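J.: Provide a 3D model corresponding to the input given below.
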Amino acid sequence: MQPDADEDRVSRRESRTEDSPVADLFGDHPATAPLDDRDVRFLDTTLRDGEQAPGVSLSPDEKADIARELDAADIDVIEAGSACTGPGERKTISRVTDLGLEARVTSFARGVEGDIDLAVECDVDGVNLVVPASDRHVERKVGTTREAVVERTVELVEYAKEYGLWVEVLGEDGSRADLEFLKELMGAAVDAGANRICAPDTVGHATPDRTLELYSRLSELGPTSTHTHDDLGLAVTNALVGVAAGADLVHGTINGVGERAGNVALEEVAIALEHGYGVETVDTEKLYDLGQLVSTTTGVPPAPNKAVVGENAFTHESGIHTDGTLKDDAMYEPYPPEKVGRQRRLVLGKHAGRAGVEAALAEHGVDVDDEKLGEVVARVKELGERGKRVTDADLLTVAEEVQGRERERRVELVDLTAASGSGTPTASVRLAVDREALGASERSSGASSEPRGTEERVASGTGSGPVDAAIAAVRSALGAAADAQLDSYHVDAITGGTDAVVTVEVEMSRDDRAVTVAASDSDITTASVRAMVDALDRLLADEATPALADD
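T.: All right, here's what the predicted structure looks like:
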């Protein structure tokens with residue numbers, strides 16, 4: 001079971017005494033105080049700042065899909081794009097505003113009235129109005145003066161408020177701006193009617209002490225937002241310091257996607273606030289699915305070791321860690337994976353121990369005595385030491401060999417033909433199917449008069465590519481028996497050159513059982529189909545009478 005989060009927070013709070021290192025660093029300041037009872041919300045800019053990552057371009061439907069899920073996760077503000085970009089972007093923003101979301105939908109706007117007009121055409125609720133703040137931007141980028149920037153900002157805020165818009169003023173490159181000028185600029189914006197202000201760390205330049213200095217002063221002027229980038233690896237830290245110093249709205253993107261080193265990862269700040277400080281912000285159980293959606297639509301996968309959404313965030317291989325986790329969930333995890341919509345994974349490799357191997361076998365209904373378990377563990381470690389990812393199929397094969405059991409295959413790939421080119425990709429498969437797998441109902445009804453044994457199933461399919469077509473053919477051949485979820489599909493080239501051998505690893509699940517299988521071949525389509533067929537075969541092995549389709 002997990003430790004009591006409230007007790008953890010009390011312990012941390014008690015450590016923040018006048019003699020603590022925190023007090024030495026920050027002195028007597030609100031940022032050293034607990035954040036209990038703070039109301040902190042999020043502005044998600046995945047659809048605007050996140051889309052500025054190289055190679056990312058989201059269609060109207062993709063932005064709408066992401067916006068719906070952000071809204072369902074209780075994101076307070078969604079920056080849907082930049083209306084000034086062009087007609088296509090305005091159409092996309094309008095697609096989001098037409099959804100009727102609970103979240104406030106805004107558009108980025110430069111410091112010109114025309115950008116505000118274009119945003120209004122999209123029927124947004126507000127604008128994120130960006131004006132220069134650092135001397136570098138004021139003098140070199142815009143070619144103006146501080147006084148002119150203040151005067152122009154007031155005019156723009158008043159102009160936007162005439163439309164009845166919610167207005168947030170962002171002083172671009174604020175972390176490198178002169179603090180006294182930044183206060184003057186933001187104070188003028190608030191006096192002109194701005195709903196909130198922000199000093200973006202545009203190039204990820206700020207350190208925590210600079211962030212503390214900025215936001216402790218700005219938050220005295222009015223509602224304040226943080227906007228941090230990760231160029232120094234400090235985006236989350238700076239966002240938290242900004243909140244501690246008085247900010248109550250955090251700009252972020254899902255998975256931290258964004259230009260250069262990315263924006264602050266919204267999901268990381270959300271879980272840090274809730275787990276570390278007891279500040280609830282969004283529906284954290286939706287964070288993983290949001291991360292998967294954004295990864296798929298942007299084509300930017302998170303690093304395996306990334307917090308919250310990374311593949312390895314709740315994955316354990318070490319024998320010591322696996323044994324401890326099986327005894328107590330919280331032994332090697334800061335919070336339950338279910339809190340962010342995840343599940344714990346125990347994987348096998350050269351660091352595997354008896355507890356982990358035994359637990360993995362139990363998941364597949366395999367019981368091995370103590371003597372043979374030791375042999376299975378040794379074989380698993382040997383596979384791992386060769387640099388191989390030990391899949392469920394590898395483990396089951398090892399157990400079968402150690403126990404002297406012959407594997408009974410239900411389905412096996414006999415032949416595969418795939419074609420692609422200028423036309424629609426097509427594929428045909430020939431599978432060997434154990435007639436035992438036809439199911440008692442088929443035999444008793446007389447639908448199958450052939451004796452028990454092996455029969456061949458032949459089917460064809462089409463798809464968006466040869467792999468997709470081949471998988472469609474397999475599903476057509478097996479019917480209901482292929483009714484399993486393809487949870488992950490991963491390709492690795494394990495040799496170089498044009499004759500490279502690729503390894504395809506798939507994870508498939510049916511009901512409450514999942515299995516991982518890998519297959520290698522010089523042809524990616526063949527490797528993919530072999531892996532899928534082998535995974536289905538392993539899933540079928542647990543079912544007494546799985547139903548296969550008739551020819």
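J.: Ala432 against Val414, yeah?
T.: Yes. If you go by C-beta atoms under 8 Å, Ala432 and Val414 touch, sitting 5.2 Å apart. To be clear about C-beta, it is placed using only N, CA and C from the backbone, and glycine gets the same treatment.
J.: Between the two, which is the more surrounded one?
T.: Ala432 (16 against 13; other C-beta atoms under 10 Å).
J.: Direction included, what does the helix or strand the more buried one falls within pair against?
T.: Element membership for Ala432 (DSSP states H and E) is strand 426-434. Sheet pairing of strand 426-434 (DSSP bridges) gives strand 411-419 (antiparallel), strand 454-462 (antiparallel).
J.: Which positions in the last one come out as buried?
T.: So that's strand 454-462. 455, 457, 459, 461 (16 or more other C-beta atoms under 10 Å).
J.: tell me the contacts of the last one?
T.: Under the criterion of C-beta atoms under 8 Å, 6 or more residues apart in numbering, the contact list for Gly461 reads 426-428, 469-476.
J.: can you tell me the helix or strand for the residue nearest to it when sequence neighbours are not counted?
T.: Distance criterion C-beta to C-beta, 6 or more residues apart in numbering; nearest residue to Gly461, sequence neighbours excluded, is Ala472 at 3.0 Å. Using DSSP H and E, Ala472 sits within helix 466-478.
J.: what packs against that helix?
T.: Judged by 3 or more C-beta pairs under 8 Å, 6 or more residues apart in numbering; DSSP states H and E, helix 466-478 is in contact with strand 411-419, strand 426-434, strand 454-462, helix 524-540.
J.: closest one to Leu396 among the ones you listed?
T.: Among these, the nearest to Leu396 by C-beta to C-beta is helix 524-540 (6.6 Å).
J.: Run through the protein and note the low-pLDDT ranges.
T.: 1-34, 36, 317-323, 326, 388, 435-453, 493-500, 542-551 (pLDDT under 70).
J.: can you list the domains in it?
T.: Domain assignment for the chain by automatic domain parsing gives 38-298, 315-403, 411-540.
J.: Please work out which of those domains is packed deepest.
T.: For the domains of the chain, average neighbour numbers computed from mean count of other C-beta atoms under 10 Å are highest in domain 38-298, which has a mean of 21.
J.: Run the chain-centre distance for that one.
T.: Relative to its parent chain, domain 38-298 has a centroid offset of 20 Å by C-alpha atoms, centre = their mean, to the nearest Å.
J.: Endpoints of that domain, how far apart?
T.: Domain 38-298 has an end-to-end distance of 33 Å (C-alpha to C-alpha, to the nearest Å).
J.: what's the answer for stretch 475-491, then?
T.: End-to-end for stretch 475-491, by C-alpha to C-alpha: 21 Å.
J.: Equivalent analysis for stretch 232-248, please.
T.: Length of stretch 232-248, first residue to last, C-alpha to C-alpha: 23 Å.
J.: now swap in stretch 99-110 and tell me
T.: 25 Å.
J.: before we move on, back to that, can you list the strands paired with strand 426-434 in a markdown table and add distance to Asp523?
T.: As requested, those are arranged in a markdown table below (distance: least, C-beta to C-beta, whole Å):
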| stretch | distance to Asp523 |
| --- | --- |
| strand 411-419 | 8 |
| strand 454-462 | 17 |
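J.: between those strands, which gets nearest to Arg95?
T.: strand 454-462 (30.0 Å).
J.: out of the helices and strands packed on helix 466-478, nearest to Ala133?
T.: Going by C-beta to C-beta, the one of the helices and strands packed on helix 466-478 nearest Ala133 is helix 524-540, 50.4 Å.
J.: by contact count, what packs against that closest one?
T.: Using 3+ C-beta pairs under 8 Å, 6+ apart: helix 524-540 touches helix 392-403, strand 411-419, strand 426-434, helix 466-478, strand 485-493, strand 502-510, strand 513-521.
J.: now those in CSV, with distance to Asp178?
T.: Converted to CSV, these look like this (distance: least, C-beta to C-beta, whole Å):
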stretch, distance to Asp178
helix 392-403, 60
strand 411-419, 64
strand 426-434, 65
helix 466-478, 57
strand 485-493, 50
strand 502-510, 54
strand 513-521, 56
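J.: of the ones you listed, which approaches Asn255 most closely?
T.: Comparing the helices and strands packed on helix 524-540 by C-beta to C-beta, strand 485-493 comes nearest, at 16.4 Å.
J.: packing partners for the closest one?
T.: Using 3+ C-beta pairs under 8 Å, 6+ apart: strand 485-493 touches strand 502-510, helix 524-540.
J.: Excluding chain neighbours, what is closest to the most centrally placed residue in the chain?
T.: Centrality entry for the chain: nearest residue to the mean C-alpha point is Gly291, 2.3 Å, by C-alpha atoms, centre = their mean. Distance criterion C-beta to C-beta, 6+ apart; nearest residue to Gly291, sequence neighbours excluded, is Val309 at 3.5 Å.
J.: Count the neighbours of that neighbour for me.
T.: So Val309, with other C-beta under 10 Å, has 26 neighbours.
J.: I'd guess it is in a strand, am I close?
T.: No. Counting by DSSP: H, G, I helix; E, B strand; the rest coil, Val309 is not part of a strand but coil.
J.: Quick one: closest of the domains of the chain to Asn305.
T.: Of the domains of the chain, nearest to Asn305 by C-beta to C-beta is domain 315-403, at 9.5 Å.
J.: right, and Ser476 touches Arg457 too?
T.: No. Applying C-beta under 8 Å, one finds Ser476 not in contact with Arg457, separated by 9.0 Å.
J.: how about the buried residues of strand 454-462 in CSV, adding distance to Thr224?
T.: Formatted as CSV, the buried residues of strand 454-462 follow (distance: C-beta to C-beta, whole Å):
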residue, distance to Thr224
Glu455, 70
Arg457, 64
Ala459, 61
Gly461, 56
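J.: quick one: which of those is nearest to Arg68?
T.: Gly461 (30.9 Å).
J.: Enumerate the beta-bridge partners assigned to that closest one.
T.: Bridge pairing for Gly461 - DSSP bridges - gives Ala427.
J.: if we can go back for a sec, looking at the domains of the chain, which is nearest to Pro304?
T.: Closest of the domains of the chain to Pro304 is domain 315-403, at 8.5 Å (criterion: C-beta to C-beta).
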